[in-house]
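Undergrad: sequence and predicted model, in that order:
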Amino acid sequence: MIGTVCSMSSPTPAPLLREFIEIPERTSTSDFVLKLADSVADADATLRDYVVTDRLLGNFDEALGLIRSAVEGHASKAAYLHGSFGSGKSHFMAVLHALLRGEAAARGRDELAPLVAKHSVWLDGRKFLLIPYHLLDARSLEQRVLGGYVDRVRALHPGAPIPAVHRTDALLDQAASLREKIGDKQFIDGLPGGDAEDEWGETETWTPERLDQAFAGAYSDELRRKLVNDLLTSWNKGFFSNAREDAEAFVSLDRGLTEISRHAKELGYHGLILFLDELILWLANSIGDQQFVSREIQKITNFVEGGDTRRPIPVVSFIARQRDLRELVGEEVTGANELSYQDTLNLASGRFDVIKLEDRNLPEIARRRLLKPRDTTAAAAIGKAFDATTKVRREVFDTLLGTDSGSGADIDAFRSTYPFSPAFLSTLVHVSSALQRSRTALKLMRQLLVDRRDTLRLGQLVPLGDLYDVISGGGDQPFTEKLKAEFEMAQKLYDLKLRPYLLGQYDLTDDDLEAARRGTPLPGDVAGRVRAFTGDDRLVKTLLLAALAPSVPALRNLTARRLSALNHGSITSPIPGGEVAQVNRKLTDWAGRFAEIRIGEGDDPIVSLELVGVDVDSVLATAKHYDNEGARKHMVQRLLWQQLGVPWSDSFFAEAGLSWRGSRRSIELVYGNVRDVNDIRDEAFHPNDPTGWRMIIDYPFDDGSHGPADDRQRVQDLISRTTSRTVCWIPAALTVERLTELGKLVIIDKLLEGQRFDSHADHLNPDDRRRAHGALTNQRSALLAKMQAVLRQAYGLAGKQATDVVLGFDDHLQSLTRALEPKLPMGATFNDALRSIGDQMLGQQYPAHPDFDPDRKGDPIRLADVKVVLDHVRRAVESPEGRAEVDRPHRQTVRRIANPLGLGTMHEAAFVIEGEWVQHFQRKASGEGITGELRVDDLLRWIDDPSPRGLDPIVAQLVVATFAEQTDRAFYFHGSEVIPAPELGKITADHMLREERLPAEEDWQAARARSAAIFGVQPLDLRRGRLVALFGRDLTTHANRHREAAHGLVARLEQHATWLGIDKESGSGRLATARAAADLLEALANGRSAVEAVERLARAELAGPADRTGKSIMSAAQVSAALAAAPWDTFEIVAGLPEPYAAEAAVILAELRRVAQADELTAPLAPALRRAQIDSTALIRRATRKPEVVHVPGRDEDPAEIVHPRRPIDQDIPEVVVDQPSGRISVAAGDLDRAVEQLRAFAADQGDATIEVTWRIVP
């Protein structure tokens, strides 16, 4: 096995890694640290150890291309040189400067040759000035950029003029005062002099006139510039030192950049290259001073553009950064200021290029500069060790590669950085970028190797937890105030809580750890404890790193599995993968002890550490009185009930429901001390339900010296005196340490109940109170999870740990039923254990119960399920083949119930009925001498013979109903047949099953045929009791529905028989058919049984074919209504019409009588009545109509002038009213004959006049 612990504990430890790579005894502050100003001066030293990767070649090409575009385009350019912590930004700029200067050290590197060849076409003959800047502690950009330029130029060109970048008004005022005080001669003598000539050939010697002109000149005046330069090198030499510390001593950045551009050109340069280091960090450190940051951010765009565009040579700026300032602004600034900052930064970002130095350069650089093998033998040994590492479990290797966190590398990169994993390096870069800034990645890696020089062996990986020590031990400060505060809290938590706890747990001192670090041999037990402490310490430190840098990919969503993998080798187990369970137990334990550590749920829960910074112990100290034995019992019961899946109630008695072999069952639960007769009396060991089971659950602690053995002894005493269906679940006792944690859980739970917390935390300010509440909430969750795990040990469901429970007791289940010896399922949950114990209990009680749940899904049989099965049983019974096709959705239900119950066999798509239960019941009835009807109570009793089945009531009823269907028996209750048969769920022990008398086959078939013809309903051909009963019920229903209409039809036909020409004595025709139909319906409606109804239908005299009878019945209501509404008076009038209308009237009435005499199937009567009415009305109208002419009195009798009774609507003529004879009468509906007689008398007096007749109902 590969890992720190395994290697250290091996009888023949692997050699130290320092034998294979160079690891110095100590590190130097200058290791892997480059000062840009020094590197520019010493190109050979800079390039000697510089590693040029393919990606870096691309970066150099980008930078040189940017400079070229600036030079050839005569425009200033800027680029962010973006690289994470330790990516080599300073080295990059130093090499870039060497390339620009054409240094032989750069041009001579083979890797750079293609780049030199590409860019020499424009580089040759050009000269560039590189100015490095370190922005931290700058007063302003002008102060550092412009002042830094002056310092750099004075160092490179001591005799050169000073650029006019200072605010010179005050300088000239001081000089003017001095001139006035000492006079022109002494003043001029103090200025630099000489006989040199200016560019126009004039002498540069100062004269009073030239001084007056210089003092009066504008800012851009050349003579004023010369005077300022001479003053700065003579009378005002101290101005430089003062200006360096004065943020306001320089001109604006825009104007200053133009000035230094001009100045650099005069010095012979073709371009000015500015490298600004720590600019972003400088602004980030001042993010709280919003006025300062706002002012400085506005200046950034001046590097690429400004109000003064007359820069003689381009200024190319490279701004090194590790983070985008826009991210820092978003974290530290809110509201309108954030929007303003973001707008400015976005503007700058749009104008700045980005040259990204990839983190992926680090593996290759580390391989060449830090991890280079001493020789080929060493390289082979390291390669072999790495190959062994690749054989670890897949999930561990994926974590080390970083593929499980989105920051993955390939195996070659891992090989290059071995013994540092890619996940380690990724975390190193991200964490260091946030928490420190003075040491490079290589320097930190070197520090880790030096620290473990005497302990790190070949084959071991550097654990991630070790990174915390080098980060926290370097004296650096995090970037932001928020991180500084969090870092201080983390260090305080570790120093005051976590580390002392781990030292105490392993009984170690700092001296022991220091001796181990130095490689001093330690006694075996001490060495083992040191190794255990070191492993735990690394886990804790990894959690601290995750709390400080939660955005680091490798530190997101830490779990026990990932913590173990990231610190591979620190925690080991003889069982592959067992270290994860060890880490999980440790995390659970720590989360219960420290409110800052939070652990989730599941087999591999997410764990985190929250930096609270509040003393929650002071809150807990005020609530100790909540911890007592009763509260502890109550807490354990709550946890047990929750894990058992039992609804919580504040009672020591409950019922646990479970699904056993597909049936619903319940077990009585009692919570109490089995040993204590005052707590649980003897009678409490018997279940309330004589057929049920009871489980008594003890709690894992007792008073005094009592223990679980005393509980077991009481059960044994009870067994010797009695027996009952009761099982006692006796736990092992918790250790003192776990009982203390149980008490702490009780206290925290009470504290967080309702508003109680505020009264106990009133000494904290509101913000601290909120954080303390959150921390205690997390700790309660952790303690709950831990206590649940401990209870599983105590109750025998998990392996016992000596730190959690008192070892030595394993007889957890004690049964008061001698035939039952229940066993606990190791590794099961409480809920699963309850089901397992219940299965053993009920299996002993009902050994023959069918298994309706072989897959143990826990789904009990529902009433709807057994109804589906019974439906298919009926179909199969009523099928000649004894089978029924089953729709796909119901197949599994039928198979699940019918097959194990012995009702039949559910094949792939069809159910086939079987006679197992028929034979069983008939055999039992015969054995007991029972013939004829059978009591359901006996059937239910016989179901449990010869071996108890204990079927659920609805399942037992399904067996009874199936037997009734197969033997064609009907249900009776108190002597009366139950029609229809009672539904499942409503069959009782008092029901009887009786074989039914069936109609003769010929009657059955005749009745089926007649029913189809008369009612349109035909039952199945199979002559069975249930079908006969259903058929008889249907016949009665139809008879009751049509009986009244049929009798009404007979009455109407007899009423109008004379008019219709119907012979009342005839045995055929409409009236005879109607009478036969009415008699049939009457007989069916009054039948005493279904059989009698079938026989009456089969044997009835129908006065003709059944189809005619059916038509008469179905149309009786319609025909009766038509007869009632027929205009019999009209028919009388028609019958009395004289010639020439008498012959036509006779035809109308003869046709009506012909139809009325025939049956309805032959000739429908209602249409004939309507037709006769229409024809009669038309005939009467023709017989009584004459021309309609109105004579107007007072006008000449002119045949041409005829006034019609109705005029067109659009004619506007007076209405002509003609007095005509009229009359009106109101009579009762039953006295219409009197009205008709009066109307006839009136009509007789009017000759051929047309008479209008109307009627209405008088209110």
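TA: On my side now, so go ahead. Bear in mind the structure is a predicted one, so any value in this text is a computation, not a measurement.
Undergrad: which parts of whichever strand or helix holds residue 173 are buried?
TA: In the assignment (DSSP states H and E), residue 173 maps to helix 169-182. Residues of helix 169-182 classed as buried: 171, 172, 175, 178, 179 (neighbour count, 16 or more other Cβ atoms under 10 Å). To be clear about C-beta, it is placed using only N, CA and C from the backbone, and glycine gets the same treatment.
Undergrad: list the helices and strands that helix packs on?
TA: Here helix 169-182 touches helix 208-216, helix 222-232, going by 3 or more Cβ pairs under 8 Å, 6 or more residues apart in numbering; DSSP states H and E.
Undergrad: following that helix, which helix or strand shows up next?
TA: Assignment by DSSP H and E places the next element after helix 169-182 at helix 184-190.
Undergrad: which residues are contacting that following helix?
TA: Outside of helix 184-190, the residues within contact range by Cβ atoms under 8 Å, 6 or more residues apart in numbering are 178, 179, 206, 207, 208, 211, 234, 235.
Undergrad: single out the most deeply packed of the helices and strands packed on helix 169-182.
TA: Comparing the helices and strands packed on helix 169-182 by mean neighbour count (mean count of other Cβ atoms under 10 Å), helix 222-232 comes out on top with a mean of 20.
Undergrad: send me that one as PDB with only the CA atoms.
TA: Extracted C-alpha coordinates of helix 222-232, given in PDB (Å, rounded to 0.1, in the frame of the first residue of the first chain):
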ATOM      1  CA  GLU A 222      10.800  74.700 -23.600                       C
ATOM      2  CA  LEU A 223      12.700  77.300 -21.700                       C
ATOM      3  CA  ARG A 224      10.400  76.800 -18.700                       C
ATOM      4  CA  ARG A 225      11.100  73.000 -19.000                       C
ATOM      5  CA  LYS A 226      14.900  73.800 -18.900                       C
ATOM      6  CA  LEU A 227      14.600  76.000 -15.900                       C
ATOM      7  CA  VAL A 228      12.600  73.400 -14.000                       C
ATOM      8  CA  ASN A 229      15.200  70.800 -14.900                       C
ATOM      9  CA  ASP A 230      18.100  73.000 -13.800                       C
ATOM     10  CA  LEU A 231      16.300  73.900 -10.600                       C
ATOM     11  CA  LEU A 232      15.700  70.200  -9.700                       C
END
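Undergrad: now the angle from that helix to helix 208-216?
TA: 90 degrees (axes from the mean of the first three to the mean of the last three Cα atoms, to 10 degrees).
Undergrad: so for the helix holding residue 173, what's the average pLDDT?
TA: Per-region confidence: helix 169-182 scores 73 on mean pLDDT.
Undergrad: kindly report the same for stretch 1028-1040.
TA: On average, stretch 1028-1040 scores 88.
Undergrad: how about stretch 976-983?
TA: On average, stretch 976-983 scores 88.
Undergrad: any idea which helix or strand comes after the longest helix belonging to the chain?
TA: Identified as the longest helix of the chain according to DSSP state H is helix 1025-1055. Later in the chain than helix 1025-1055, the nearest helix or strand by DSSP H and E is helix 1057-1060.
Undergrad: CA atoms only for that following helix, dumped as CSV, please.
TA: Extracted in CSV, the C-alpha atoms of helix 1057-1060 (Å, rounded to 0.1, in the frame of the first residue of the first chain):
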residue,chain,number,x,y,z
ALA,A,1057,-111.5,1.1,-30.4
THR,A,1058,-114.8,2.0,-32.1
TRP,A,1059,-113.4,4.9,-34.0
LEU,A,1060,-110.3,2.9,-34.9
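Undergrad: would you map the strands across the stretch 201-350 of the chain?
TA: Along the stretch 201-350 of the chain, counting by DSSP state E, counting those that start in this stretch, strands occupy 271-277, 315-321.
Undergrad: any chance of the ones you listed in TSV, plus distance to residue 442?
TA: Output for the strands of the stretch 201-350 of the chain, formatted as TSV (distance: least, Cβ to Cβ, whole Å):
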stretch	distance to residue 442
strand 271-277	18
strand 315-321	17
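Undergrad: how about a markdown table for these, with mean neighbour count, mean pLDDT and distance to residue 1152 added?
TA: Listed next are those as a markdown table, based on neighbours: other Cβ atoms under 10 Å; pLDDT from 0 to 100; distance: least, Cβ to Cβ, whole Å:
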| stretch | mean neighbour count | mean pLDDT | distance to residue 1152 |
| --- | --- | --- | --- |
| strand 271-277 | 24 | 90 | 119 |
| strand 315-321 | 25 | 89 | 111 |
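Undergrad: quick one: closest of the helices and strands packed on helix 169-182 to residue 428.
TA: The closest of the helices and strands packed on helix 169-182 to residue 428 is helix 222-232. By Cβ to Cβ, the value is 47.5 Å.
Undergrad: so how far is the helix holding residue 173 from its chain's centroid?
TA: 78 Å (Cα atoms, centre = their mean, to the nearest Å).
Undergrad: return the distance of residue 617 relative to residue 762.
TA: Here residue 617 is placed at a distance of 16 Å from residue 762 (Cβ to Cβ, to the nearest Å).
Undergrad: show me the contacts for residue 502.
TA: Counting by Cβ under 8 Å, 6+ apart, residue 502 touches 533, 536, 537, 540.
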